[in-house]
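> Make a model of this:
(one chain, ligands or ions: 1)
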Amino acid sequence: MSPADDWSGRLGYVDDGLDRRSYLRDDPAFLAAETADPAARSCLFAGEAPILRRNSPVEAFMPLVAADGLGASGERIYLGHTASGPRFAASAPATLAEGLRGRSDLMVADLRQLAFDGGVDRAALGLLGVAKSMLSWHARHRFCANCGTMTVVVCGGWKRVCPACAAEHFPRVDPVAIMLVGAGADCLLGRQARFAPGMWSCLAGFIEPGETIEAAVRREVQEEAGVAVGAVRYLGAQPWPFPSSLMIGCRAEALARDIVVDRLELEDARWFSRAEARAMLDRTHPDGLMTPPPPAIAHHLIRAFVDEA
Ligand SMILES: [Zn+2]
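Got it, this is the predicted structure:
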């Protein structure tokens, strides 16, 4: 069993319960039947904000006509089929959120905050993550990257096709390597200036074209902390819908302990003992230092290191 098997049930934006039915997306009759299904539901984003209905429990998905009635505009994206029926995603301009804030039956939510406060159930959070990545991609990729012509949405939103040059464009996923670097009984954690006071986390960075995951881990740790890394092991991954990253979690072993912090990337980086890291995970550190909470993969990478001993 890999450490990642233990993470399920605690990581955010996973376990969406979605049967994507990707082999059927190019069939208009199938999409029409899914749309007409009385059990079909859609989420609605006003810009970056999911619009929730204050029922008991709070609902992230509503009948398609309800989403349309609130102001959904543009293409409706087919997410897939769940045990409760077809699921779609719709968007509206960010300005709509202001108008809806005053309504007692609705909640203008924050998708990051929902992962940490449990405002919706896990499956809904996962579906909102898929929806957010898809809607963000469509909002930013309306024109052909090859010739500049306005593209056409096909396959329920899983492809855009250029009518002028026939180029096909697919929703993107941006791989990010995130790593727990260990040296014996210590681990290397860093702080970005934007972090909450006392928060320390794993180093991370985008994987570049031509790099393996392992090469990206070694480069990022060398660049940000000046630490050479040897062995790298993959532990598990997490979709991170801001807007469409895939966090690829690794355990890396340092070859040396001297740290040279790149102050442009990090406010600070230093070694923490296992005992200190455990206290930070459990929020019992005497100086109030802490790690990210369980919805974030960094928490589980640090936990896996603490549990090695
Ligand atoms: Zn084109």
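
> sec struct for Ile178, please.
strand (DSSP: H, G, I helix; E, B strand; the rest coil).

> Tell me which residues touch it, please.
202-204, 247-250, 297-298, 301 (Cβ atoms under 8 Å, 6 or more residues apart in numbering). In this view, the C-beta of every residue, glycine as well, is placed from N, C-alpha and C.

> Need those residues in a markdown table (columns: distance to Gly74).
Formatted as a markdown table, the contacts of Ile178 follow (distance: Cβ to Cβ, whole Å):
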| residue | distance to Gly74 |
| --- | --- |
| Cys202 | 36 |
| Leu203 | 38 |
| Ala204 | 32 |
| Met247 | 28 |
| Ile248 | 31 |
| Gly249 | 34 |
| Cys250 | 38 |
| Ile297 | 31 |
| Ala298 | 34 |
| Leu301 | 37 |
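
> Using CSV, please lay out these together with neighbour count and pLDDT.
Formatted as CSV, the contacts of Ile178 follow (neighbours: other Cβ atoms under 10 Å; pLDDT from 0 to 100):
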residue, neighbour count, pLDDT
Cys202, 27, 98
Leu203, 25, 98
Ala204, 25, 98
Met247, 22, 98
Ile248, 21, 98
Gly249, 26, 98
Cys250, 24, 98
Ile297, 29, 97
Ala298, 24, 97
Leu301, 30, 97
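
> Now intersect the residues you listed with the strands, please.
Counting by DSSP state E, the contacts of Ile178 place 203-204, 247-250 in strands.

> For Ile51, state which of those residues is nearest.
Met247 (26.3 Å; Cβ to Cβ).

> Pull up the residues of this protein that are close to the ion.
With Cβ under 5 Å from the ion as the criterion, the chain meets the ion at residues 144, 146-147, 149, 162, 164-165, 167.

> Would you mind giving me the ChimeraX syntax to select the buried ones in these?
Restricted to buried positions by 16 or more other Cβ atoms under 10 Å, the ChimeraX selection for those reads:
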select :144,162
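
> contacting residues for Arg257?
By Cβ under 8 Å, 6+ apart, the contact list for Arg257 reads 183, 186, 227, 271.

> mind checking pLDDT for it?
Arg257 carries a pLDDT value of 96.

> where does it fall, phi/psi-wise?
Per-residue torsions, Arg257: phi -110, psi -20 (degrees, to the nearest 10).

> One more: Ala67?
phi -60, psi -40.

> Report the separation between it and Cys202.
37 Å (Cβ to Cβ, to the nearest Å).

> now swap in Val161 and tell me
39 Å.

> And for His81?
Counting by Cβ to Cβ, the gap from His81 to Cys202 is 35 Å.

> Kindly report the same for Leu79.
As defined by Cβ to Cβ, Leu79 lies at a distance of 30 Å from Cys202.

> and what of Arg278?
Distance from Arg278 to Cys202, by Cβ to Cβ: 15 Å.

> swap in Arg76?
37 Å.

> cool, and Leu180?
On the measure of Cβ to Cβ, Leu180 and Cys202 end up 5 Å apart.

> Give me the common contacts of these two.
By Cβ under 8 Å, 6+ apart, the residues touching both Leu180 and Cys202 are 249, 301-302.

> In JSON lines, list those along with distance to Gly288.
Converted to JSON lines, the shared contacts of Leu180 and Cys202 look like this (distance: Cβ to Cβ, whole Å):
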{"residue": "Gly249", "distance to Gly288": "26"}
{"residue": "Leu301", "distance to Gly288": "21"}
{"residue": "Ile302", "distance to Gly288": "17"}
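
> can you pull the contacts of the most centrally placed residue in the chain?
Centrality entry for the chain: nearest residue to the mean C-alpha point is Trp240, 1.2 Å, by Cα atoms, centre = their mean. Listed by Cβ under 8 Å, 6+ apart, the contact partners of Trp240 are 13, 176, 246-247, 297.

> For the nearest residue to Arg101 once chain neighbours are set aside, grab the count of nearby residues.
Distance criterion Cβ to Cβ, 6 or more residues apart in numbering; nearest residue to Arg101, sequence neighbours excluded, is Val108 at 5.2 Å. Residue neighbour count, defined by other Cβ atoms under 10 Å, stands at 18 for Val108.

> do Asp282 as well
Asp282, neighbours per other Cβ under 10 Å, totals 12.

> What of Phe143?
14.

> partner residues bridging the spatially closest residue to Trp200 that is not a sequence neighbour?
Closest residue in space to Trp200, ignoring its immediate chain neighbours: Leu189 at 4.1 Å, by Cβ to Cβ, 6+ apart. Taking DSSP bridges as the rule, Leu189 bridges to Arg270.

> No further questions, thank you.
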